[in-house]
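Colleague: Structure of the sequence below:
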Amino acid sequence: MSDEQIRQGILADPDAGPPTDEAFWKDAKLVWPKPKEVITIRLDASLLEWFRREPGYQTKINAILRAYMMAHLR
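Modeller: Predicted coordinates for the structure are as follows:
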């Protein structure tokens, strides 16, 4: 699809917000996430087995711990 076809599709979609333009991105800054640290943590074997059933289990554990942290920062 061309840029124009994409823009027309966005404009025709009632659920899409207005398309962004150069003014929207003018002050945008690229922000790189902080690198993760390698640690050793002891978890129950059954818990780890449950998380390891799907790929990306470490990312999921990280997200759960982040949600817990954010809930307790409020």
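
Colleague: Quick check on residue 7: phi, psi?
Modeller: Here the main-chain torsion angles of residue 7 (degrees, to the nearest 10) amount to phi -60, psi -40.

Colleague: what's the distance between it and residue 1?
Modeller: 10 Å (CB to CB, to the nearest Å). Yep, even glycine has a C-beta here, placed from its N, CA and C like the rest.

Colleague: So for the two, which sits in the more crowded spot?
Modeller: Between residue 7 and residue 1, counting by other CB atoms under 10 Å, residue 7 is the more crowded of the two (13 against 8).

Colleague: what about the spatially most central residue of the chain, which helix or strand?
Modeller: Centrality entry for the chain: nearest residue to the mean C-alpha point is residue 63, 9.5 Å, by CA atoms, centre = their mean. Secondary structure from DSSP states H and E places residue 63 in helix 57-73.

Colleague: what about that helix, average pLDDT?
Modeller: Averaged across helix 57-73, the pLDDT comes to 96.

Colleague: Please export the alpha-carbon coordinates of it; CSV is fine.
Modeller: Presented in CSV, the C-alpha positions along helix 57-73 are these (Å, rounded to 0.1, in the frame of the first residue of the first chain):
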residue,chain,number,x,y,z
TYR,A,57,8.3,-16.6,30.2
GLN,A,58,11.0,-14.4,31.5
THR,A,59,9.4,-11.3,29.9
LYS,A,60,6.1,-12.3,31.5
ILE,A,61,7.6,-12.7,34.9
ASN,A,62,9.2,-9.3,34.5
ALA,A,63,5.8,-7.8,33.5
ILE,A,64,4.1,-9.3,36.5
LEU,A,65,6.8,-8.0,38.9
ARG,A,66,6.6,-4.5,37.3
ALA,A,67,2.8,-4.5,37.7
TYR,A,68,3.2,-5.4,41.4
MET,A,69,5.8,-2.7,41.8
MET,A,70,3.6,-0.1,40.1
ALA,A,71,0.6,-1.1,42.3
HIS,A,72,2.7,-0.5,45.4
LEU,A,73,4.2,2.8,44.3
